[in-house]
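[1] Provide a 3D model corresponding to the input given below.
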Amino acid sequence: MILLTGQLRYDNGIVMVFGKEPGNLTGKDKKKFGIMMENFGVYERFSCGENLSVFADIYDISHDRIQEILEEVGLENAFKKAASDLSKGMKARLQLARTFLHSPQIIFLDEPTSGLDPQTMRGIHRIILEKKNAGCTIFLTTHNMLEATKLCDKVALLNEGKIVEEGNPEEIRRKSAESMIIIKE
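    Numbers count the residues shown, from 1 in each chain. Okay, here's the model as predicted:
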């Protein structure tokens, strides 16, 4: 994720985003990104509406979009609610609202459902799939292979920064299951 967004330089290989190396991306290019990182992008003292107002101003988005995006993520009644008063699941949805506010073309999600209850997780999965089906490219970081299978068309498994396996998530799950040895005592 941080290589593609230009936050970290890569040592070797080729990385291209919008036909450019990440170091050559312009501010206009980077505005096409939506990034959700764990514990990033929520101002605890602000209300949900105020949180999104900050980012609407940064992206030059009409404030009319704020209530619309809150409804999209299931926070339609939280406009005036302080972020500090939100549950973990509601904060995750507020982060998604911030990520989607400016209708990005490429979305980076870092563990978007980590530690959430199953119902909230399913709701976030539904929102992610809607964005995927609308044509957004989504990069998802997760340790949950079931989540990856549900949401991803292609998976790359990393170990110490190197791709050790890649392909269709179901094929990788099947391959991993076949390589497991069960020992009976």
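[2] The most centrally placed residue in the chain: which element?
    When CA atoms, centre = their mean is applied to the chain, the residue found nearest the centroid is L109 (1.8 Å). Assigned by DSSP states H and E, L109 falls within strand 106-110.
[3] gap between that strand and the chain center?
    Between the centre of strand 106-110 and the centre of its chain there are 3 Å (CA atoms, centre = their mean, to the nearest Å).
[4] Alpha carbons of it, in PDB - could you do that?
    Listed next in PDB are the C-alpha coordinates belonging to strand 106-110 (Å, rounded to 0.1, in the frame of the first residue of the first chain):
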ATOM      1  CA  ILE A 106      -8.400   3.400  -6.100                       C
ATOM      2  CA  ILE A 107      -9.200   2.500  -2.500                       C
ATOM      3  CA  PHE A 108      -6.600   1.200   0.000                       C
ATOM      4  CA  LEU A 109      -8.100  -0.500   3.100                       C
ATOM      5  CA  ASP A 110      -5.900  -1.600   6.000                       C
END
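[5] Quick one: mean pLDDT over that strand.
    For strand 106-110, mean pLDDT is 94.
[6] can you list contacts of that strand?
    For strand 106-110, the external contacting residues (CB atoms under 8 Å, 6 or more residues apart in numbering) are 1, 4-5, 17, 32-38, 99-100, 128, 131, 136-141. From N, CA and C alone the C-beta is placed, and that goes for glycine too.
[7] need the next SSE after that strand, C-terminal direction.
    Strand 106-110 is succeeded, C-terminally, by helix 118-133 (DSSP H and E).
[8] roughly how far is that following helix from the heart of the chain?
    How far helix 118-133 lies from its chain's middle: 11 Å, per CA atoms, centre = their mean.
[9] List the buried residues in the helix or strand following it.
    Once the chain leaves helix 118-133, the next helix or strand it forms, by DSSP H and E, is strand 137-141. For strand 137-141, a neighbour-count test (16 or more other CB atoms under 10 Å) marks 138-141 as buried.
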